[in-house]
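Chemist: Next comes the sequence, and after it the predicted model I'd like to discuss.
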Amino acid sequence: MLIKIHGSAVFGIEATTVVVEVNVDKGIGYHLVGLPDNAIKESNYRIAAALQNNGYKIPGKKITINMAPADLRKEGSAYDLTLALGILAASGQIRSEGIQNYIIMGELSLDGSLQPIKGALPIAIKAQQEGFKGFILPKENASEAAIVKDLEVYGVENIKEVMDFFDLEIPLERTYVDTRQEFYEHLNFPEHDFADVKGQESIKRCMEIAAAGGHNIILIGPPGAGKTMLAKRLPSILPPMTLHEALETTKIHSVVGKVRNKGLMSQRPFRSPHHTISSAALVGGGSYPQPGEISLSHNGVLFLDELPEFERRVLEVMRQPMEDREVTIARAQYTVTYPSSFMLVASMNPSPGGYFNDPDAPVTSSPAEMQRYLGRISGPLLDRIDIHIEVTPVPFEKLSEERKGESSMEIRKRVEVARDIQTARFSEWEGIHYNAQMDTKHIRQFCPLGESSKELLKNAMQRLNLSARAYDRILKVSRTIADLERAENINQNHISEAIQYRSLDREGWLG
């Protein structure tokens, strides 16, 4: 008897429906074809034990299973439940009416209980698009898949529940999620708040400008100055995610199995990989490509602490994804693309010892040592960072203050106003939403300077020995500062403030 049952495979952040054809005939043997990996080939042992422990068995006949399309590689143990039900239905141990109307996925334990799977959200989206009635999957993934409207999602804990559903028509409990309500309930409750930060008013101002314009930023300062604390609070002042951004972000995290029991993500991601990370782990890749840290921080913040400690080769592979806002991973037989539109926040000490050229510091470094240390970061990478700011330690008077600083919600309101101005400005251009994404043509159009502003910028570049690459960055940041003040044109104050934020472009910064 031949039975067709449906599963799904995830490539990139999109799913492809897999038709599992199970044929039980006279003879003896178990043949699994259709490019399964080792985890799927081992499934017959898990299936045999799970069925045995629930009063069923694999028939002693010739079983042929084809996973179509046969030229598409299938990976992982999530097909256990699909194969087990196909074998039961094809051997007549359970009724199979309506089984073809469902996508069925889940990893089996030996007692028949189900383990969570990866990629439940992309699979649910594809199932809804292709008109399937429902999606049966492990209970831990149910709230994630139930984000999708017009699809019946059933979370189950044991294979016995699924067998009884088809054979005895015992109904399963459907999982409901009010996506909009759940999304907006958690939208304005950031984990970290700028109100907790003592002092550092100038750095908070920099973070506000970076958030308003989507600018990459690097914080330079000695240990204990608060660089990491400030970076962790940046997502709290970014504009709230839209439903579209939340869905796209959740899909990426679903592919790597990080959304269990959470449903739709409502907070912007914050990723902080260790400096020993490999290039494949940062941008994505591997034998079977997976999203890297830059994709997991999509629509959020990627924080690289101790930037010079990262391998130079690892940092260099970020250059193209930072420009293109996506990363493409090519293999011999297929290519996958992951989105990677993130804000880069980097931090670093000014020298190997951690301190500036301060005679009172516990560890001092010579200017040559400091220059060599900073030289680990390439010019092209620094060229993609708009704001460089020095972070100084907070004095005791500020640390001991009882008064709380301005909250993240108050800062976010100003950021949202500036972002709305930019959205209206770039409405004619696809793929440009904020000032940091402007190219030379847009800078010339939207950043005109008066004579006094031009003269100020000219003098600053000459006196401070600013590099040529600093010119466009200063104009971009000036445009954002003007937007925060709701000013139509860039004036001298905006230019002078933006000039302060190019520390690493100054010749003699170390001296």
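Modeler: Arrived safely, thanks for sending.
Chemist: Low-confidence ranges, the chain, go.
Modeler: Confidence mapping of the chain against pLDDT under 70 gives the ranges 186-190, 353-365, 396, 399-400, 468-469, 504-511.
Chemist: give me that answer again for 50
Modeler: 357, 507-511 (pLDDT under 50).
Chemist: Following the record's annotation, map out the domains of it.
Modeler: The record, using automatic domain parsing to delimit domains, assigns the chain the ranges 2-177, 186-410, 438-511.
Chemist: closest to Glu430 out of those?
Modeler: With distances scored as C-beta to C-beta, the stretch of the domains of the chain nearest to Glu430 is domain 186-410 (12.0 Å). All C-beta spots, glycine's among them, are computed from the backbone N, C-alpha and C.
Chemist: mind listing what's buried in whichever strand or helix holds Ser8?
Modeler: Assignment of secondary structure by DSSP states H and E places Ser8 within strand 2-11. The neighbour-count check on strand 2-11 (16 or more other C-beta atoms under 10 Å) flags 3-11 as buried.
Chemist: if we can go back for a sec, make JSON lines from the domains of the chain and add distance to Ile421 to it.
Modeler: What follows is the domains of the chain, written out as JSON lines (distance: least, C-beta to C-beta, whole Å):
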{"stretch": "domain 2-177", "distance to Ile421": "31"}
{"stretch": "domain 186-410", "distance to Ile421": "9"}
{"stretch": "domain 438-511", "distance to Ile421": "5"}
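Chemist: closest one to Val417 among the ones you listed?
Modeler: Taking C-beta to C-beta as the criterion, domain 438-511 is the member of those that comes nearest to Val417, at 7.1 Å.
Chemist: all strands of the stretch 201-350 of the chain, in order?
Modeler: For the stretch 201-350 of the chain, applying DSSP state E, counting those that start in this stretch gives strands covering 217-220, 270-271, 284-285, 290-291, 301-304, 326-330, 335-339, 343-348.
Chemist: can I get those strands in a markdown table with distance to Leu315 and mean neighbour count?
Modeler: Output for the strands of the stretch 201-350 of the chain, formatted as a markdown table (distance: least, C-beta to C-beta, whole Å; neighbours: other C-beta atoms under 10 Å):
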| stretch | distance to Leu315 | mean neighbour count |
| --- | --- | --- |
| strand 217-220 | 12 | 24 |
| strand 270-271 | 15 | 20 |
| strand 284-285 | 15 | 22 |
| strand 290-291 | 19 | 22 |
| strand 301-304 | 8 | 24 |
| strand 326-330 | 14 | 17 |
| strand 335-339 | 18 | 19 |
| strand 343-348 | 9 | 24 |
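Chemist: okay if I get those as a markdown table plus distance to Glu130?
Modeler: As requested, those are arranged in a markdown table below (distance: least, C-beta to C-beta, whole Å):
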| stretch | distance to Glu130 |
| --- | --- |
| strand 217-220 | 43 |
| strand 270-271 | 32 |
| strand 284-285 | 27 |
| strand 290-291 | 24 |
| strand 301-304 | 34 |
| strand 326-330 | 25 |
| strand 335-339 | 20 |
| strand 343-348 | 36 |
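Chemist: now for the ones you listed, which one comes closest to Ile87?
Modeler: Closest among the strands of the stretch 201-350 of the chain, using C-beta to C-beta: strand 290-291, at 30.0 Å.
Chemist: In terms of secondary structure, what does the closest one contact?
Modeler: Of the remaining helices and strands, those touching strand 290-291 by 3 or more C-beta pairs under 8 Å, 6 or more residues apart in numbering; DSSP states H and E are helix 243-255.
Chemist: 10 Å - rerun?
Modeler: When contacts are defined as 3 or more C-beta pairs under 10 Å, 6 or more residues apart in numbering; DSSP states H and E, strand 290-291 sits against helix 243-255, helix 279-283, strand 284-285, strand 326-330, strand 335-339.
Chemist: Can you give the distance of that strand from its chain's centre?
Modeler: 10 Å (C-alpha atoms, centre = their mean, to the nearest Å).
Chemist: let's number from 16 now, not from 1
Modeler: Noted, 16 is the first residue going forward, which turns the last one into strand 305-306.
Chemist: Give the pairing partners of that strand; include direction for each.
Modeler: Using DSSP bridges, the strands paired with strand 305-306 in its sheet are strand 299-300 (antiparallel).
Chemist: In three-state terms, label Ile118 for me.
Modeler: Following DSSP: H, G, I helix; E, B strand; the rest coil, the label given to Ile118 is strand.
Chemist: ok, it - how many residues close by?
Modeler: When counting by other C-beta atoms under 10 Å, one arrives at 27 neighbours for Ile118.
Chemist: Pairing partners for it in the sheet, please.
Modeler: Counting by DSSP bridges, Ile118 is bridged to His21, Phe150.
Chemist: so who does it touch?
Modeler: The neighbourhood of Ile118, defined by C-beta atoms under 10 Å, 6 or more residues apart in numbering, consists of 20-23, 30, 32-33, 97, 138-139, 141-143, 145, 147-152, 160, 166, 168.
Chemist: Which helix or strand contains Val492?
Modeler: In this structure, Val492 sits in helix 484-499 according to DSSP H and E.
Chemist: and that helix, what does it pack onto?
Modeler: Short answer (3+ C-beta pairs under 10 Å, 6+ apart): helix 484-499 packs on helix 216-228, helix 394-397, strand 402-405, helix 423-440, helix 455-461, helix 466-478, helix 507-514.
Chemist: I'm done for today, thanks for sticking with me.
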